[in-house]
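Trainee: return atomic coordinates for the entry below.
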Amino acid sequence: SNGGFEEGIESALQFILTSPEFLFRFEADPIGLPAGARYRIDDFALASRLSFFLWSSIPDDQLLNIAAQNKLHEPPVLDQQVRRMLGDPKSDALIANFAEQWLFLRNLKSAAPNLDAFPDFDDNLRQAMKQETELFFGSILREDRSVVDLLTADYTFLNERLARHYGIPGVYGSEFRRVHLYDEARRGLLGQASILTVTSYPARTSPVQRGKWILTNILGVPPRPPPPNVPELKDNSDDTKPHSLRERMELHRTDAVCAGCHKVMDPIGFALENFDAVGHWRNADDGAAIDPAGTLFEGTRVNGPVTLRKMLVARPETFVGVMTEKLLTYALGRGLEYYDMPAVRTIVGDAAENGFRFSSLVAGLVN
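Mentor: I've put the predicted structure just below:
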């Protein structure tokens, strides 16, 4: 009434674009439902949940047509649709988005290794690191492998730039290809430069950050936050005899308040200390020999990435349970509560019967 056609359309578009029901996915409660009562979501809401979980996008026509027929919730139909959607190229969004969140890959773009310490680092290498991990994670999904292979697989994906970084011969050109890993230390996620870089400082490694990353993302027992006013780690600049990072950290954690958490994190991180802050293999740090040996919190002795990996997969249900929690958090868009844990245990138990295949985790989660 106070303007022309364009003003009216502008107001309508403003209303739509700022409406919470445009910005978020809404699932309206059934009319007359008692407060706190549980109910089964309708097939359109299920189609939307499925699509945003597996594709990070809206449902396609096939999914909507089945939802309109009220058949999507039927177990055989639901299973068939999940397999179809996982096989669709649009599931690349699950690989990129979930891996970025769970594995902290999103931090790689802001990682800034010190170029005096690592002059070979550049943006091409950064992109190659990220692509290796995404292709590797994608192979677990596409080939429907056991998710435990994320820690143990004897292959990865490399181009010439990244292969040279790892010291692996015979890989030429900018295209990525599947490469067998003869070096056991390099196998699985723990040997990939993306993970090793995002868990390091710009100029040096961080056994604390690496230990915390494994405790949080692999074992599901995140450590407590550090106390305030923790002093900086002493460097080697004033020493006539260089000290290894382990020796400097031993001095650093003489405070009993710090020692409790460091006792849990540090042996895990030191097991990866042969990998420098950008994932090169090395035997010495600042002229001091590297000692990757230690005793973990549950009493296991480790001496490098190979023995650490064996400890992590000795009870695969632990790692699979943590991955299930992360995947369920991603799918639901909320943190998990104590009352979600029976569902997590059921998903893991059912997946164990199928060798912990990726599709069995997703199917259990969807159900």
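Trainee: any idea how far residue 27 is from residue 278?
Mentor: Distance of residue 27 to residue 278, computed by CB to CB, to the nearest Å: 45 Å. For every residue, glycine as well, the C-beta is placed using N, CA and C.
Trainee: quick one, which of those two is more surrounded?
Mentor: residue 278 (22 against 11; other CB atoms under 10 Å).
Trainee: surely the more buried one touches residue 198?
Mentor: No - using CB atoms under 8 Å, residue 278 is not in contact with residue 198, being 10.6 Å away.
Trainee: ranges for the helices of the stretch 201-350 of the chain?
Mentor: Here the stretch 201-350 of the chain has its helices, by DSSP state H, counting those that start in this stretch, at 207-217, 245-252, 256-270, 305-314, 316-332, 341-352.
Trainee: single out the most deeply packed of those.
Mentor: Greatest average neighbour count among these goes to helix 207-217 (a mean of 21), per mean count of other CB atoms under 10 Å.
Trainee: show me what it is packed up against.
Mentor: If you count contacts as 3 or more CB pairs under 8 Å, 6 or more residues apart in numbering; DSSP states H and E, helix 207-217 packs onto helix 193-198, helix 245-252, helix 256-270.
Trainee: with just CA atoms, put stretch 47-56 into CSV.
Mentor: C-alpha atoms of stretch 47-56 as CSV (Å, rounded to 0.1, in the frame of the first residue of the first chain):
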residue,chain,number,x,y,z
ALA,A,47,14.0,-37.5,3.6
SER,A,48,15.3,-34.1,4.6
ARG,A,49,17.5,-35.6,7.4
LEU,A,50,18.9,-38.2,5.1
SER,A,51,19.7,-35.8,2.4
PHE,A,52,21.4,-33.2,4.5
PHE,A,53,23.3,-36.0,6.3
LEU,A,54,24.6,-37.8,3.2
TRP,A,55,24.6,-35.0,0.6
SER,A,56,24.7,-31.7,2.6
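Trainee: got a list of contacts for it?
Mentor: For stretch 47-56, the external contacting residues (CB atoms under 8 Å, 6 or more residues apart in numbering) are 25, 41, 57-60, 63-64, 66-67, 72, 81-82, 85-86, 88, 90-91, 93-94, 97, 330-331, 362, 366.
Trainee: mind redoing it with 6 Å?
Mentor: The contact list for stretch 47-56, computed with CB atoms under 6 Å, 6 or more residues apart in numbering, reads 25, 58-59, 63, 67, 72, 85, 90-91, 93-94, 97, 331.
Trainee: which stretch among the helices of the stretch 201-350 of the chain comes nearest residue 7?
Mentor: helix 316-332 (41.0 Å; CB to CB).
Trainee: I'd like the mean pLDDT over that closest one, please.
Mentor: In this model, helix 316-332 has a mean pLDDT of 96.
Trainee: pLDDT below threshold where in the protein?
Mentor: Counting by pLDDT under 70, the chain has low-confidence residues at 227-261.
Trainee: nearest to the spatial middle of it, which residue is it?
Mentor: Most central in the chain under CA atoms, centre = their mean is residue 103, positioned 2.2 Å from the mean C-alpha point.
Trainee: how far away is it from residue 199?
Mentor: Counting by CB to CB, the gap from residue 103 to residue 199 is 10 Å.
Trainee: go on, residue 36?
Mentor: 42 Å.
Trainee: between these two, who's got more neighbours?
Mentor: residue 199 (25 against 5).
Trainee: residue contacts, the more buried one?
Mentor: 209-210, 213.
Trainee: rerun at 10 Å
Mentor: 104, 107, 111, 205-214, 217, 269, 272, 275, 277 (CB atoms under 10 Å, 6 or more residues apart in numbering).
Trainee: test my guess that residue 213 contacts residue 194.
Mentor: No - counting by CB atoms under 10 Å, residue 213 does not reach residue 194; the two are 11.7 Å apart.
Trainee: okay, and the common contacts of those two?
Mentor: 103-104.
Trainee: what do residue 103 and residue 199 both touch?
Mentor: With CB under 10 Å, 6+ apart as the test, residue 103 and residue 199 both reach 213, 217.
Trainee: buried sites along stretch 290-304?
Mentor: Residues 290, 292, 294, 296, 302, 304 are the ones in stretch 290-304 that count as buried (16 or more other CB atoms under 10 Å).
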